[in-house]
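Chemist: Build the 3D model from these lines:
(one chain, ligands or ions: 1)
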Amino acid sequence: MQIEFIGAAHEVTGSCHFVRYGDRRFLVDCGMEQGADLYENQKLPVEAGEIDYIFVTHAHIDHSGLIPLMAKSGFRGHVFATRATTDLCGIMLRDSAHIQESEAEWKNRKAERSGKEKSEPMYTLKDAEEAMTLFTPCPYDEIIEIDENLKVRFVDAGHLLGSASIEFWIKEGDLSRKLVFSGDIGQGNKPLIRKPTYLHEADYVIMESTYGDRVHEAPTDYAPALADVIRRTFARGGNLVIPAFSVGRTQEMLYFLRRIKTEKLLPEFADFEVYIDSPLAIEATNIFNKSVSDCFSEEARDLVMSGVNPIGFDGLKTAVTADDSKNINFIKHPIVIISASGMCEAGRIRHHLKHNLWRPECTILFVGYQVPGTIGNKLLNGAKDVKLFGESIQVAAEILKLPGLSGHADRDKLTEWAGAFKEKPPKGVFIVHGEDKVTEDMAAHLHETFGYEATAPFSGDTFDLETGIQIESGARVMKKKKSTAENSGKSTVFRRLMAAGERLMAVIRRSEGRANKDLGKFADQIEALADKWEK
Ligand SMILES: [Zn+2]
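Modeler: Model (predicted):
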């Protein structure tokens with residue numbers, strides 16, 4: 001019985017862990033790598049066709065996004081996931097296939113013009129459809145017999161609708177081991193879904209550490225804070241535009257907007273309208289509405305029982321077609337618009353920014369983390385204008401952020417989750433799904449706190465699950481940086497310049513309230529500096 005770490009090892013995305021017992025093999029998660037990437041992932045040790053099962057902790061693409069590629073490469077085993085994860089994968093993997101196809105099309109148009117060779121999409125809609133036929137939806141909290149040597153149970157992880165930690169009871173001859181994979185663990189304060197389940201027994205635990213290096217600030221009470229933003233914006237006659245991820249964050253916003261209505265927090269605009277403009281968000285909202293009995297928290301279920309839809313209300317409108325979306329621009333009275341993508345890099349949100357950013361009466365409200373370099377991040381950092389559809393749009397709208405809705409547990413909550421294994425403390429803990437140093441620090445922290453043998457494996461590291469001893473080391477190949485030394489030199493210095501710019505913005509923000517004379521002088525100096533370097 002062995003485990004080999006493939007993806008999200010000393011990294012945050014691309015979750016994938018390979019387990020073999022007897023003559024069977026399975027994966028836990030099969031995610032796509034997204035964004036910055038530090039290490040090369042090792043290839044799977046066997047062909048896709050030789051994998052018997054894939055277990056999916058939740059539907060986020062960094063945990064599920066390569067299942068269609070597995071199907072394309074010959075995998076014909078079963079995929080097990082909770083019922084809601086299966087439904088969400090149904091829309092998210094098709095959406096991901098669509099993105100792969102359009103990216104390949106765009107690259108090929110470029111390749112054609114430059115006489116280069118054409119490339120194939122990583123996978124197509126057909127592959128995603130094929131993959132979906134392999135899914136078996138599973139209930140929460142029931143022990144499921146996969147084969148005579150393998151039993152599993154999905155329990156709540158509190159991270160996303162359908163998200164789960166998975167317990168595995170594995171037998172190989174006389175040897176039996178219990179493995180627990182945490183999946184992504186929530187902070188325990190999400191509206192709608194249940195809190196993470198704490199488990200008490202394991203031989204080995206494989207756990208995430210995304211925010212293992214920070215403690216979240218106490219969350220804002222969202223409904224009143226959001227009501228204030230709407231009041232201020234509508235009083236000016238403007239629209240409130242909320243960029244939000246289609247699956248999860250959009251439904252959380254609907255929950256708070258519904259509360260504003262039912263708790264009468266905005267009497268002066270009681271009949272306000274909310275438009276969801278994202279086909280994926282609309283489909284995901286339907287899946288949320290289907291998931292009351294198996295996924296919702298007691299509080300959300302009680303609402304449903306008393307006849308209240310926690311994420312539905314009068315005045316909620318949806319835009320499915322491109323024409324529906326365009327028609328939103330012709331509405332004359334102030335409205336709330338929720339659209340994707342959450343960081344404003346793609347999707348219909350860009351049209352709404354184009355129509356609302358230049359209007360000082362409007363507000364753009366960010367409700368999630370904005371990765372540096374994205375349009376969302378630029379707006380939050382005070383950009384005066386942004387490029388959209390090749391056009392420069394000036395930023396006159398109010399730009400705001402409401403923090404405190406993170407999907408991931410912080411260091412304290414991760415520690416609590418890991419400390420719950422009291423009845424049978426694990427022989428070994430493997431820390432994955434975190435940045436390079438964060439995984440190492442979390443392993444050291446759990447060793448100090450609970451005495452666990454905790455390690456942060458690299459891609460390709462393989463452990464024997466009878467003894468817990470490492471039997472193979474991964475190559476630890478760093479991803480190639482830009483080809484020449486000159487390029488990498490440039491990017492380091494450029495990063496220094498960006499950091500200097502951010503420091504300047506921080507000083508500007510802290511200067512509010514200083515004497516006008518000083519502020520004027522400061523502004524003159526910055527203008528002079530900008531004039532000098534723009535030449
Ligand atoms: Zn996730």
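Chemist: For E398, grab the count of nearby residues.
Modeler: Residues near E398, counting by other CB atoms under 10 Å, number 17. C-betas here are computed from N, CA, C, even on glycine.
Chemist: Quick check: bridge partners of the nearest residue in space to it that is not next to it in sequence?
Modeler: What sits nearest to E398 in space, not counting adjacent residues and going by CB to CB, 6 or more residues apart in numbering, is T363, at 4.4 Å. Assessed by DSSP bridges, T363 has beta-bridge partners L240, E398.
Chemist: My read is that T363 contacts V229, right?
Modeler: Yes - assessed by CB atoms under 8 Å, T363 is found in contact with V229 at 6.1 Å.
Chemist: The two: which is more packed in?
Modeler: Neighbour count, other CB under 10 Å: between T363 and V229, T363 has more, with 24 against 17.
Chemist: which residues touch the more buried one?
Modeler: 229, 232-233, 238-241, 397-400 (CB atoms under 8 Å, 6 or more residues apart in numbering).
Chemist: Where does the stretch 1-150 of the chain get nearest to the ion, which residue?
Modeler: H60 (3.6 Å; CB to the ion).
Chemist: That residue contacts G183, correct?
Modeler: No - counting by CB under 8 Å, H60 does not reach G183; the two are 9.6 Å apart.
Chemist: Counting neighbours, go ahead and name the busier of these two.
Modeler: Ranked by neighbour count (other CB under 10 Å), H60 and G183 place G183 first, with 32 against 28.
Chemist: which one is that one nearest to, not counting chain neighbours?
Modeler: Per CB to CB, 6+ apart, closest to G183 is T57, 3.0 Å.
Chemist: same check, this time on G407
Modeler: H159 (5.4 Å).
Chemist: Next: V308.
Modeler: Using CB to CB, 6+ apart, the closest residue to V308 is T262 (6.6 Å).
Chemist: Can you list the low-confidence ranges for this structure?
Modeler: 36, 480-492 (pLDDT under 70).
Chemist: Identify the single longest strand in it, thanks.
Modeler: The residue-count maximum for a strand in the chain (DSSP state E) belongs to strand 164-172.
Chemist: quick one: buried residues of it?
Modeler: For strand 164-172, the neighbour count (16 or more other CB atoms under 10 Å) marks 164-172 as buried.
Chemist: and what of stretch 249-265?
Modeler: Result for stretch 249-265 [16+ other CB under 10 Å]: buried residues 249-261, 265.
Chemist: Stretch 312-327 too?
Modeler: Buried residues in stretch 312-327 (16+ other CB under 10 Å): 313, 316, 319, 325.
Chemist: Over to stretch 416-430?
Modeler: 417-418, 421, 425-426, 428-430.
Chemist: tell me which of the residues you listed is nearest to Y123?
Modeler: Nearest to Y123 among those is F430, at 28.9 Å by CB to CB.
Chemist: helix, strand or coil for the closest one?
Modeler: Secondary structure, DSSP: H, G, I helix; E, B strand; the rest coil: F430 is strand.
Chemist: That one bridge partners, please.
Modeler: Bridge pairing for F430 - DSSP bridges - gives I206, T455.
Chemist: dump the residue contacts of it.
Modeler: F430 touches 3, 5, 204-207, 454-457, 463, counting by CB under 8 Å, 6+ apart.
Chemist: for D29, same thing?
Modeler: 7-8, 15-17, 54-57, 63-64, 181, 183.
Chemist: Sitting in helices, which of these do you find?
Modeler: Those of those mapping onto helices are 63-64, per DSSP state H.
Chemist: among the contacts of D29, which are in reach of the ion?
Modeler: By CB under 5 Å from the ion, no member of the contacts of D29 lies near the ion.
Chemist: Mind giving me the ChimeraX command for buried ones among the contacts of D29?
Modeler: Only the buried entries of the contacts of D29 go into this ChimeraX selection, using 16+ other CB under 10 Å:
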select :7,8,15,16,17,54,55,56,57,63,64,181,183
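Chemist: Rebuild the contacts of D29 as a markdown table, extending it with distance to R359.
Modeler: Formatted as a markdown table, these follow (distance: CB to CB, whole Å):
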| residue | distance to R359 |
| --- | --- |
| G7 | 44 |
| A8 | 42 |
| S15 | 42 |
| C16 | 45 |
| H17 | 49 |
| I54 | 48 |
| F55 | 48 |
| V56 | 43 |
| T57 | 42 |
| H63 | 39 |
| S64 | 39 |
| F181 | 48 |
| G183 | 42 |
